[in-house]
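*Asks:* what's the 3D shape of this:
(one chain, ligands or ions: 1)
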Amino acid sequence: AAAPHGGLRLEVARLSAVADAREVAATASAAAAAAAAPYHAEVARRARGASDAASRLAASISDPSLGVSPPPPECIRRVHCSQLSLARFRREFVCTATPVVITGLGPHLTEDGVAGHELGWLKRHGATKKVAVTRDNAHVNAELACKDTDVLNLGDHLDRVLPLDQPNLSPADFGTHDGDRTYLYDCSIPLKLPSLLGAIRVPRYFAHDFLQRTMHTHAFTASWPSLFVAAPHTCSSLHIDQWRGNFWMAMVKGTKRWSLFHADDAPYLSPDYSRGTLDPAFPPMQVMDDAHAQSSEMAAAEAEGNNSASEMAVESESRSEAGGTSRQGAATAAVPSPLYRPCNEYPFLPFARRHDVDLGPGEVLFVPGGWPHAVHNLDVTVSFAGNFLDESNLDRALDDLKLLGAKYGSQMVDSFTAIDEVWFDPEDEVMVEETLEPEQLVVKYEDYYGGKAG
Ligand SMILES: O=C(O)CCC(=O)C(=O)O
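*Replies:* Numbering: from 1, shown residues only. Coordinates of the predicted model:
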């Protein structure tokens, strides 16, 4: 095997240096008998795991005999709700960590039926409520500053972003209008906009959420659904949801371009554990994609150059053959390598199993827990969403919640305890096998809260 390509080597060295640093921090925390020591130990374990996984992949890529090449992009299936029983969804998609888009629920997501995308329900019940809206994608920053946020009425936010809903405006046209790149991001409806609760419906596919079925309330009892109202060309960061929670999103208006990656391939997304949290930071999706697009263009241009060089070589070879001298070497050197040549900065990205999907109005997406994901709002979008727990991810979530308790103290410890009490005998779980009518496949918040509909 050849030595790994320079970009691969650098990335493995970076991951390994971060893992070294996390191990030093974990050792210091253990030596001080700090309550957070198990948390830091787990961060170090994950950082080392990412470094080892990248190192193994670099070795395989560099061994031509293995013929390792990037996997093809994967599709996310769209399944109409009339074909998808609650039991089948849970068994076939949630329990196998398979993302899916559920269609056919659009007219049932709000009290306004087929007119839900016109947002009458949002204006009637929410226009005068104050919300904190971020500017210029600032919601992706770990720490938000006041200067990045406008506090205004939700109705005023709508008045600013809705005029931007013009399909003819290209991303380059954005940046000059009032409300450009503003985002009401992940705003808890029960906690911050309770007047909207009666107007929305939660897809019944998530009504079995164990977070709603605890004996005691906890930090996440009233977190979801949360509301998103985005100006065109705003983005979310590439991230993994807290405690590897499963996620769902219902689109009411507009289209979001989602990029999802298999949980096991997070090490290939240039993760950064240096901030010392269980979930790493990642570079912005757009930056990584642009770097790869540029590198592919250069490779293509080079290959074209090589091809013409090869043609010239063959031509001159036949000429020189006639003249009696061999140019074999030049012709051979011009054959492009069949091996993938990654871009230097994010060299493993193409090796991560990736699912991209444009989620349109009326569609509902399921994202498995632990899957890194990023979003680009293609136009003005309005959606609501939530994290959820069930038998597919409860144990992993509890592991993380316990560690969060060690780091952040009593509120998280209490939440861990409340959720740890959840145990449902699989025999007692209602697994509805028959397909239901679309209107039966949504529930009012009052039936979602406390797990009544589950
Ligand atoms: O719609 C978005 O911008 C991203 C939502 C998301 O990824 C999340 O809440 O975890």
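
*Asks:* Let's see the pLDDT reported for His355.
*Replies:* We have a pLDDT of 98 for His355.

*Asks:* Is it bridged to anything, and to what?
*Replies:* Note on His355: beta-bridge partners Glu74, Leu260, judged by DSSP bridges.

*Asks:* ok, now how distant is it from Trp243?
*Replies:* 22 Å (C-beta to C-beta, to the nearest Å). The way it works is simple: take the backbone N, C-alpha and C, and place the C-beta from them, glycine included.

*Asks:* go on, His40?
*Replies:* 17 Å.

*Asks:* And Arg46, by the same measure?
*Replies:* The span separating Arg46 from Trp243 equals 13 Å under the rule C-beta to C-beta.

*Asks:* Neighbour count: the two, which is higher?
*Replies:* More neighbours surround Trp243 than the other of Arg46 and Trp243, with 26 against 20 (other C-beta atoms under 10 Å).

*Asks:* could you say which helix or strand contains the residue lying closest to that one once chain neighbours are set aside?
*Replies:* In space, and not counting its chain neighbours, Trp243 is closest to Asp400: 3.9 Å by C-beta to C-beta, 6 or more residues apart in numbering. Asp400 belongs to helix 394-408 when elements are defined using DSSP states H and E.

*Asks:* Tell me the buried residues in that helix?
*Replies:* Neighbour counts using 16 or more other C-beta atoms under 10 Å place 394, 396-398, 400-407 of helix 394-408 among the buried residues.

*Asks:* Next SSE downstream of it?
*Replies:* Past helix 394-408, the next helix or strand by DSSP H and E is helix 410-420.

*Asks:* what's the angle between that next one and helix 394-408?
*Replies:* Relative orientation of helix 410-420 and helix 394-408, computed by axes from the mean of the first three to the mean of the last three C-alpha atoms, to 10 degrees: 160 degrees.

*Asks:* Return the residues of the chain in contact with the ligand.
*Replies:* Contact residues (C-beta under 6 Å from any ligand atom) of the chain with the ligand: 186, 228, 236, 241, 247, 256, 373, 375, 385.

*Asks:* So the fourth one sits against Gly369, correct?
*Replies:* This means Asp241. Yes: in terms of C-beta atoms under 8 Å, Asp241 counts as a neighbour of Gly369; the distance is 6.9 Å.

*Asks:* shared neighbours of the two, which are they?
*Replies:* Common neighbours of Asp241 and Gly369, counting by C-beta atoms under 8 Å, 6 or more residues apart in numbering, are Phe247.

*Asks:* Of the two, which one has the most company?
*Replies:* Neighbours per residue (other C-beta under 10 Å) separate Asp241 from Gly369, with Gly369 holding more: 25 against 16.

*Asks:* ok, now which ones touch the more buried one?
*Replies:* Counting by C-beta under 8 Å, 6+ apart, Gly369 makes contact with 97, 241, 244-247, 263, 392-393, 396-397.

*Asks:* let's see it at 10 Å
*Replies:* Contacts for Gly369 (C-beta atoms under 10 Å, 6 or more residues apart in numbering) come out as 94, 97, 240-247, 263, 387-390, 392-394, 396-397, 400.

*Asks:* returning to what we had before: elements contacting the helix holding Asp400?
*Replies:* Other helices and strands packing on helix 394-408, by 3 or more C-beta pairs under 10 Å, 6 or more residues apart in numbering; DSSP states H and E, are helix 37-61, helix 410-420.

*Asks:* before we move on, back to that, widest-spaced pair of the buried residues of helix 394-408?
*Replies:* Greatest spatial distance among those (C-beta to C-beta): Leu394 and Lys407, at 20.4 Å.
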